[in-house]
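**Student:** sequence and predicted structure below; questions after.
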Amino acid sequence: MANLKNSKKAILVNERNRRRNQTIKTSYKTAIKNALTAISENTENAAEVVRTSCRTIDKTAAKGVIKKQTASRKKSNLMTLLNTVAKPAAKPKKAAEKASPVKKTAAKTKAKTETKAVKEDAKATEPTEEKA
């Protein structure tokens, strides 16, 4: 047990903060679980549940119970899961829609020649310094 009066007060403050953080952390974990179950069951309001859980995660980080990076990572993971479940598999592109590499190369060479021409014009218009 602490002997100093200030140490005794610090123990009380730490206990009060621990209880407050515990309730906040419990609601944070519950929100994540609710979002994960909504995503896995593919419910209609899964996006809304994920949004509310993101709000809870932000509030938890704002109060200092979890770090900002942890909150960001949790939100990102939830959104990634939501987007993968919500959207069907991407359709493969047709061969005709794909651009051929020859066209890309031609565009690159055209861009390079344009930039070279601009640089040469800039050099030609620069005034030369004469030494006296």
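**Tutor:** That came through fine.
**Student:** which SS state does I32 fall under?
**Tutor:** When classified by DSSP: H, G, I helix; E, B strand; the rest coil, I32 comes out as helix.
**Student:** quick one, helices of this protein?
**Tutor:** Taking DSSP state H, the helices of the chain run over residues 5-40, 46-62, 68-86, 101-125.
**Student:** possible to save these as JSON lines with mean neighbour count and mean pLDDT?
**Tutor:** All C-beta atoms are positioned from the backbone trio N, CA, C, and that covers glycine. Shown next, in JSON lines, are the helices of the chain (neighbours: other C-beta atoms under 10 Å; pLDDT from 0 to 100):
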{"stretch": "helix 5-40", "mean neighbour count": "13", "mean pLDDT": "96"}
{"stretch": "helix 46-62", "mean neighbour count": "17", "mean pLDDT": "96"}
{"stretch": "helix 68-86", "mean neighbour count": "14", "mean pLDDT": "94"}
{"stretch": "helix 101-125", "mean neighbour count": "10", "mean pLDDT": "66"}
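**Student:** how about the closest residue to T70 other than its chain neighbours, what does it touch?
**Tutor:** Nearest residue to T70 in three dimensions, chain neighbours excluded: A61, at 7.3 Å (C-beta to C-beta, 6 or more residues apart in numbering). Counting by C-beta atoms under 8 Å, 6 or more residues apart in numbering, A61 touches K67, K68, T70, A71.
**Student:** please apply the same query to K75.
**Tutor:** C54, I57, D58.
**Student:** for the spatially closest residue to the second one that is not a sequence neighbour, what are its contacts?
**Tutor:** In other words, I57. For I57, ignoring the flanking residues on the chain, the nearest one in space by C-beta to C-beta, 6+ apart is A71 at 4.9 Å. Taking C-beta under 8 Å, 6+ apart, we find A71 in contact with I57, D58, T60, A61.
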